[in-house]
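In: Model the following, please.
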Amino acid sequence: MSQRYFLPQSPAGTTACLDGDEARHVARVMRARPGDQIAVFDGAGHSWPAVITRIERGQIDLELGPMATESEPPCRLTVAVALPKGDRQKWLIEKLTELGVASLVPLTTTRSVAQPTTAANERLRRGVIEACKQCGRSRLLEIKAACRFTDWLAEPHPGTRLLADPAGSPLLPAIRPVPRDVLIAIGPEGGFTPEEVTAAEQAGFTRVSLGSSILRIETAALAVAAIIGQHGG
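Out: From the prediction side, this is the model:
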């Protein structure tokens, strides 16, 4: 078996156990048996090969092999975004996870079309886990608490601060050399209002363009992640 499973807590020794949905998937969907091999990760950058030692109702006991540690990307990228609607959110989370983005902040802006509720944030977090299981990443994309854009601007933000804006300067010159920490704000389908753009500039954000086309929310977020991932380090 080559399936990967999520441990919500890092094991303290050479044993661990899966429970909840992860255990049910191993036992009922994969029909695993004691002696089968799987892989587990803790979301903090650590992973282990594991052998199933016991399967009981709601719990699977594991014997862990040597721990592997995933290196951090050379640039920690935070994407603050006014979320798109429906399934586009799931696609966005999946691809940002695959591209190694460090964290995502769901924003509420004047022209937002989707409200980042607590339930929606939990769905995003579950999507991150599923994407990590699929792509082999062992460090979870952090989904931060939803925030109003103006409130978020008032928070301290270390690193290079960018605002996606078709009228801004090209992205690459604005981030060369790529710094250790970058955060970029991406607005809703209708874009940030002039008042929001002014507030961002007053908070130290630089407007950057991602090309001549008007991009959808998720396209803009992926473009930034791919460019910084390619040129960082």
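In: tell me the centre residue of this structure?
Out: Central residue of the chain (C-alpha atoms, centre = their mean): Leu141, 2.9 Å from the mean position.
In: What pLDDT does the model give that residue?
Out: At Leu141, the model reports a pLDDT of 98.
In: Put the alpha carbons of the helix or strand of the chain with the lowest mean pLDDT into PDB.
Out: Scoring the helices and strands of the chain by mean pLDDT, DSSP states H and E places helix 171-175 at the bottom, with a mean of 87. Taking C-alpha atoms only, helix 171-175 is exported to PDB below (Å, rounded to 0.1, in the frame of the first residue of the first chain):
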ATOM      1  CA  LEU A 171       5.800  41.100 -10.300                       C
ATOM      2  CA  LEU A 172       9.300  39.800 -10.900                       C
ATOM      3  CA  PRO A 173      11.200  43.100 -10.700                       C
ATOM      4  CA  ALA A 174       9.300  43.800  -7.500                       C
ATOM      5  CA  ILE A 175      10.500  40.700  -5.700                       C
END
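In: got the buried residues for that helix?
Out: For helix 171-175, the neighbour count (16 or more other C-beta atoms under 10 Å) marks Leu171, Ile175 as buried. Backbone N, C-alpha and C define where each C-beta goes, glycine included.
In: counting contacts, what elements does it pack onto?
Out: Helices and strands touching helix 171-175, by 3 or more C-beta pairs under 8 Å, 6 or more residues apart in numbering; DSSP states H and E, are strand 160-170, strand 206-209, helix 217-231.
In: Identify each buried residue in the helix or strand that it is followed by, please.
Out: Scanning forward in sequence from helix 171-175 by DSSP states H and E, the next helix or strand is strand 181-186. Within strand 181-186, the residues that count as buried by 16+ other C-beta under 10 Å are Val182, Leu183, Ile184, Ala185, Ile186.
In: Now do the strands in this protein.
Out: With DSSP state E as the criterion, the chain has strands at 4-6, 15-19, 37-41, 46-56, 59-64, 68-69, 76-81, 103-108, 142-143, 147-148, 160-170, 181-186, 206-209.
In: related to what we said a few turns ago, could you dump the helices and strands packed on helix 171-175 to CSV with mean pLDDT and distance to His46?
Out: CSV is the format used below for these (pLDDT from 0 to 100; distance: least, C-beta to C-beta, whole Å):
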stretch, mean pLDDT, distance to His46
strand 160-170, 95, 29
strand 206-209, 96, 34
helix 217-231, 92, 22
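In: which one of the ones you listed lies closest to Glu63?
Out: Among the helices and strands packed on helix 171-175, the nearest to Glu63 by C-beta to C-beta is helix 217-231 (35.4 Å).
In: Give me the domain ranges for the protein.
Out: Listed by automatic domain parsing, the domain ranges of the chain are 4-69, 76-231.
In: so of those, which one's packed in deepest?
Out: Most buried of those by mean neighbour count (mean count of other C-beta atoms under 10 Å) is domain 76-231; its value is a mean of 17.
In: Regarding that domain, how distant is the last residue from the first?
Out: With C-alpha to C-alpha, to the nearest Å applied, domain 76-231 spans 13 Å between its terminal residues.
In: Give the residue spans of the protein that score low on pLDDT.
Out: Scanning the chain for pLDDT under 70 picks out 1-2, 232-233.
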